[in-house]
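K.L.:
sequence and predicted model, in that order:
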Amino acid sequence: MPQAFYGRDRAASRPFPSHVWGQKLGSHHSSNLNDVFCMPDGFSTSGLYRPKLLTVLAEGYSVDLLRKDAIAALTVAIVALPLSMAIAVASGVSPERGLYTAVIGGALVSMLSGSRFQIGGPAGAFIVLVAATVAQFGIEGLLLTVLLSGAMLTILGLLRIGSLIRFIPHAVTVGFTCGIAVTIAASQLKDIAGLKLPGGEPGPFFPKIAALTQALPSFTPSALVLGLMSALIIFGLKRLRPTWPGMLIAVVLASSASAFFHLPVETIGTKFGGIPHGLEWPRLPAFSWSLIKEIFPTALTFTLLGGIESLLSAKVADSMTGRVHRSNMELVAQGIANIGSALFGGISVTGTIARTATNVRAGAKSPLSGIMHSAFLLMFMIFAASLASYIPLAALAGVLVVVSWNMFERDEFAGLLRSWPTAIVLLATFLLTLIEDLTVGIIAGCVLAFVFYLISRAKAS
């Protein structure tokens, strides 16, 4: 049995960057078919049900490591603060629910994670799913969906399904991720331009674009200026001062300009009345067996996306550090975190690639950085929640436009188009995610990839 199975988590070989996720672990070459069909993970440690926090504490934890983790935690919290509120608002819920998710869900992920560096919280990938669930079932239905999804993720981890998710085709993950990115960008057009729709905003992509086009004459110039200014500041600082917290600076400047010039734009205060100074008391969401039956297919979609996103995020941390995550423990952690988030009024929790990468770059050494990042966010809610009332929704929309731009894997997308099997799988997943929904896109992509795999095996034999 590999030594890693008993607790050692340092990868034996060099880290796998994103462009070789199509290779099987230990393979010496990559083919076009491999790029379609499989993605490695820490298979040798996937069955170890031991949180990395316990491994770190058993190895010994010093004051110097605590200092480094605290600096990384503060850095990640500064990124997560505006992002958590922006994702919540874009998902059709109040901004504090994004903070509940980052505080409760984020802390539970770090306590139980199979990765040393995983940062949990609300993710842009869930915006469309959460918004559709709220529109159809209301906030109680959403909380029940998150709770049920958490239970299913936990069961999948206990059944050792985490080690199988590595067989999700790489072209499928790129396809649905890019499809979600385009959908997120489209969902922000209303707020970033201050458009006023006569009815509700349609959920499907093309009806949404049609409705927004008809509403163009109602755009608010000041909202458009604030939204574009926020996006440009973030892009500019990322290029000129990459270590500065661009998202937070953009939101602070946009809020200051809105308040100083008394701009006629919608803010968190005018739409939601601000955010509370603390957490809700935990409670079970209202439920009935008929409601559970209705939301079950949606909860399955939440579970599928949450599992894939979390393990992809853990794999990114592996590639940056040379560590190997415990995939089944990671699924259990994500499941318990979603249950905890739902009990405290939060939305879906998953491993977040950008915040996890920020955590690594900031010098994090252990899961304690993720726990402290949640503590910093809670401190903001307790002591400075009133300041959030001044944040313009257009500024938060600008933040998410940047998120969607970064989320669209342009180089990977272009690279996969060079081979016709991967191109077909990629485009089918991408277009069906836009036209239908995420579940249809993923299923269609996986089926096509499997068909190509069988064809290639038949030819080879």
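P.N.:
Looks like it arrived, so ask away. Numbers count the residues shown, from 1 in each chain.

K.L.:
now the strands for the stretch 101-250 of the chain?
P.N.:
120-121 (DSSP state E, counting those that start in this stretch).

K.L.:
avg pLDDT for the strand or helix carrying Asn406?
P.N.:
Using DSSP states H and E, Asn406 falls within helix 393-407. Helix 393-407 shows a mean pLDDT of 92.

K.L.:
CA atoms of the following helix or strand past that helix as PDB?
P.N.:
Using DSSP H and E, the helix or strand that follows helix 393-407 in sequence is helix 410-416. Below are the C-alpha coordinates for helix 410-416, written out as PDB (Å, rounded to 0.1, in the frame of the first residue of the first chain):
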ATOM      1  CA  ARG A 410      -9.800  30.800 -23.200                       C
ATOM      2  CA  ASP A 411      -6.500  28.900 -23.800                       C
ATOM      3  CA  GLU A 412      -7.900  25.600 -22.800                       C
ATOM      4  CA  PHE A 413     -11.000  26.200 -25.000                       C
ATOM      5  CA  ALA A 414      -8.900  27.000 -28.000                       C
ATOM      6  CA  GLY A 415      -6.500  24.100 -27.400                       C
ATOM      7  CA  LEU A 416      -9.300  21.500 -27.200                       C
END
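
K.L.:
in stretch 406-415, which residues are buried?
P.N.:
406-409, 412-413, 415 (16 or more other CB atoms under 10 Å). Every residue, glycine included, has its C-beta placed from N, CA and C.

K.L.:
which one of those residues is nearest Gln188?
P.N.:
Nearest to Gln188 among the buried residues of stretch 406-415: Met407, at 12.4 Å, using CB to CB.

K.L.:
contacts only, for the closest one.
P.N.:
124-125, 177-178, 180-181, 184 (CB atoms under 8 Å, 6 or more residues apart in numbering).

K.L.:
could these go into JSON lines alongside neighbour count?
P.N.:
Listed next are these as JSON lines, based on neighbours: other CB atoms under 10 Å:
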{"residue": "Gly124", "neighbour count": "27"}
{"residue": "Ala125", "neighbour count": "27"}
{"residue": "Thr177", "neighbour count": "23"}
{"residue": "Cys178", "neighbour count": "22"}
{"residue": "Ile180", "neighbour count": "27"}
{"residue": "Ala181", "neighbour count": "22"}
{"residue": "Ile184", "neighbour count": "23"}
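
K.L.:
any idea how far the residue positioned nearest the centre of the chain is from Thr154?
P.N.:
Nearest residue to the geometric centre of the chain (CA atoms, centre = their mean): Ala123, 2.8 Å. Distance, Ala123 to Thr154, using CB to CB, to the nearest Å: 18 Å.

K.L.:
same check on Lys315?
P.N.:
On the measure of CB to CB, Lys315 and Thr154 end up 20 Å apart.

K.L.:
neighbour count winner among these two?
P.N.:
Using other CB atoms under 10 Å as the criterion, Lys315 and Thr154 rank with Lys315 on top: 25 against 20.

K.L.:
that one sits in which helix or strand?
P.N.:
Using DSSP H and E, Lys315 falls in helix 289-321.

K.L.:
that helix: how far from the chain's middle?
P.N.:
10 Å (CA atoms, centre = their mean, to the nearest Å).

K.L.:
count of neighbours near Thr352?
P.N.:
Thr352 has 30 neighbours, counted by other CB under 10 Å.

K.L.:
correct me, but it touches Phe126?
P.N.:
No. Applying CB atoms under 8 Å, one finds Thr352 not in contact with Phe126, separated by 10.3 Å.

K.L.:
I'd like to know which helix or strand in the protein has the lowest mean pLDDT.
P.N.:
Sorting the helices and strands of the chain by mean pLDDT, DSSP states H and E puts helix 32-37 at the bottom, at a mean of 44.

K.L.:
I'd like the next helix or strand past that helix.
P.N.:
helix 52-59.

K.L.:
now for that next one, which elements pack on it?
P.N.:
helix 106-112 (3 or more CB pairs under 8 Å, 6 or more residues apart in numbering; DSSP states H and E).

K.L.:
buried set for the helix it packs on?
P.N.:
For helix 106-112, by 16+ other CB under 10 Å, it's 106-112.

K.L.:
kindly indicate which of the residues you listed lies nearest Val79.
P.N.:
The nearest member of those to Val79, counting by CB to CB, is Gly106 at 12.1 Å.

K.L.:
that closest one: what's it in contact with?
P.N.:
Gly106 touches 80, 119-121, 337, 349, 370, 373-374, 377, counting by CB under 8 Å, 6+ apart.

K.L.:
nearest to Gly194, of the residues you listed?
P.N.:
Closest approach to Gly194 among these (CB to CB): Ala80, at 26.1 Å.

K.L.:
Leu426 is in contact with Gly175, isn't it?
P.N.:
Yes. Between Leu426 and Gly175 a contact is recorded at 4.6 Å, counting by CB under 8 Å.

K.L.:
overlap in contacts, these two.
P.N.:
By CB under 8 Å, 6+ apart, the residues touching both Leu426 and Gly175 are Gly445.

K.L.:
picking up where we left off before, now pLDDT too, for the contacts of Met407, in JSON lines please.
P.N.:
Formatted as JSON lines, these follow (pLDDT from 0 to 100):
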{"residue": "Gly124", "pLDDT": "87"}
{"residue": "Ala125", "pLDDT": "86"}
{"residue": "Thr177", "pLDDT": "86"}
{"residue": "Cys178", "pLDDT": "92"}
{"residue": "Ile180", "pLDDT": "88"}
{"residue": "Ala181", "pLDDT": "89"}
{"residue": "Ile184", "pLDDT": "87"}
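
K.L.:
quick check, nearest of the residues you listed to Trp289?
P.N.:
Of these, the one sitting nearest to Trp289 (CB to CB) turns out to be Ala125, at 29.6 Å.

K.L.:
secondary structure element for Pro285?
P.N.:
Judged by DSSP H and E, Pro285 forms part of no helix or strand.

K.L.:
what's the neighbour count on it?
P.N.:
18.

K.L.:
per-residue pLDDT of it, please?
P.N.:
93.

K.L.:
I figured it hits Ala342, correct?
P.N.:
Yes. Here Pro285 reaches Ala342: they are 6.4 Å apart, a contact under CB under 8 Å.

K.L.:
circling back to that earlier point, elements contacting the helix holding Lys315?
P.N.:
Against helix 289-321 (3+ CB pairs under 8 Å, 6+ apart) you get helix 127-158, helix 327-343, strand 350-351, helix 353-361, helix 438-460.

K.L.:
thinking again about what came up before, contacts only, for the residue nearest to the residue nearest to the centre of the chain when sequence neighbours are not counted.
P.N.:
Of all residues not flanking Ala123 in the chain, Thr350 sits nearest, at 4.7 Å (CB to CB, 6 or more residues apart in numbering). Applying CB under 8 Å, 6+ apart to Thr350 gives the contacts 120-121, 123, 125-126, 305-306, 309-310, 313, 334.
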